[in-house]
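> just the structure for this:
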Amino acid sequence: MVGGGGAIAQHPADTLGRLLAEDTAPIVLDGGLATQLEAQGADLSDALWSARLLLEDPEEIFRAHLAFFRAGAQVAITASYQATFQGFAARGIDRDDAEALLRLSVRLADDARRRWLEERGEAGPPLFVAASVGPYGAMLADGSEFRGRYGLTVEELVDFHRERMAVLADAGPDLLACETIPELEEAVAIGRLLDEIGTTAWLSFSCRDGGHLRSGVPIEEAIAVADAADGVVAVGVNCTAPEHVDELLARARPGTRKPLVVYPNSGERWNADDRAWTIAPAEADVERTAVDRISARRWSDEGARLIGGCCRVSPAAIAAMAAELHATPSGR
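Prediction:
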């Protein structure tokens, strides 16, 4: 059963940031929430994507989070990536109801955390909830998050993100996950808002190759923006093809002393017209492809502290990743 309410369990909001500041083992993130929801039978062919289930079937979101915790994830990223006041308004959902749905996304992840703690007992690593803040392009639901260059100013992007970020931070997650950011101006806007709201986040960029954001900006410029933002506790890349991660980490590492986060997709490409992921016929076994391409131990050795998967990365792939990291004698 979901929606039990109450305070967020187990950890104050700055615990993950403190843990990242210590020289401890890598922290395993979850995988593609939408991927697991579809595996459970959900139809996500909708502009709201997984956020639609906040309206129609929140129990399925709870089940998906729990599946990743059971697989070995230590962090659940909430179903708020595509949940925005603007997107909900287009469905006729008013501001108060939209805020309730944003808060529900955090509660569902926390409910799954509570359930897994009950199942496994007190032994085991700490568990966390990261409230997803997707980019402006995700709200457009036309693939813009994989292109960037929205044509908006930093101030306009601040205005777009402000209320949602404030509500999600107030809902009580351990931190925000500002993710799949394709352009520099959006990173600047997010950094300003973290200071304004007084909360923390990891900031992860979506990249088109081993050296550039989707918008074409060099990754070094993006890392510099994140490094300068006091509210950013970790920086890196997500929803990027795994084959680019090694070079991106190598380029990012000299530009920041902050922990690095990496959670690539399976290597497939998003077709915005068909609203589907595509993969070459030779790589048709998506599960095997995701497991083979994700090199958790190597990325840990290269300095990544938060490691997981994004789109098309299932609980089975996260389980393989967790096993690989746990098998490393040094934990690094």
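> verify the stated contact: residue 172 with residue 106.
Yes. The pair residue 172 / residue 106 is scored as a contact, 6.3 Å apart, by CB atoms under 8 Å. In short, each C-beta sits where N, CA and C put it, glycine included.
> for those two, indicate the residue with more neighbours.
A direct count of neighbours by other CB atoms under 10 Å for residue 172 and residue 106 places residue 106 higher, at 26 against 18.
> so that one touches residue 77, yeah?
No. Under the criterion of CB under 8 Å, residue 106 makes no contact with residue 77, lying 10.7 Å away.
> find residues that contact each of these two.
By CB atoms under 8 Å, 6 or more residues apart in numbering, residue 106 and residue 77 have these common neighbours: residue 131.
> average model confidence for the helix or strand hosting residue 252?
For residue 252, the element it lies in under DSSP states H and E is helix 245-252. Averaged across helix 245-252, the pLDDT comes to 96.
> list of residues touching it?
Outside helix 245-252, the residues that reach it (CB under 8 Å, 6+ apart) are 207, 210-211, 219-220, 223, 235-237, 240, 260, 262, 264, 295, 298-299, 302-304.
> put the buried members of the residues you listed into a PyMOL selection.
Selecting only the buried members of these in PyMOL, with burial defined as 16 or more other CB atoms under 10 Å, works like this:
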select buried, resi 207+210+211+219+223+235+236+237+240+260+262+264+295+299+302+303+304
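> related to what we said a few turns ago, centre of the chain to the helix holding residue 252, how far?
Averaging C-alpha positions (CA atoms, centre = their mean, to the nearest Å) puts helix 245-252 19 Å from its chain's average.
> likewise stretch 218-235?
Per CA atoms, centre = their mean, the displacement of stretch 218-235 from the mean C-alpha position of its chain is 16 Å.
> do the same with stretch 243-252
Remark: stretch 243-252 is offset 18 Å from the chain centroid, using CA atoms, centre = their mean.
> again with stretch 295-304
That offset, for stretch 295-304, works out to 18 Å (CA atoms, centre = their mean).
> with stretch 229-240 instead?
10 Å.
> repeat that for stretch 310-318.
Using CA atoms, centre = their mean, the distance from the centre of stretch 310-318 to the centre of the chain it belongs to is 12 Å.
> now stretch 142-162
Chain-centre distance of stretch 142-162: 18 Å, with CA atoms, centre = their mean.
> shouldn't residue 235 be within a strand?
Yes. Going by DSSP: H, G, I helix; E, B strand; the rest coil, the assignment for residue 235 places it inside a strand.
> who's in contact with it?
If a contact means CB under 8 Å, 6+ apart, then residue 235 has 202, 203, 204, 223, 226, 227, 252, 256, 258, 259, 260, 261 as its contacts.
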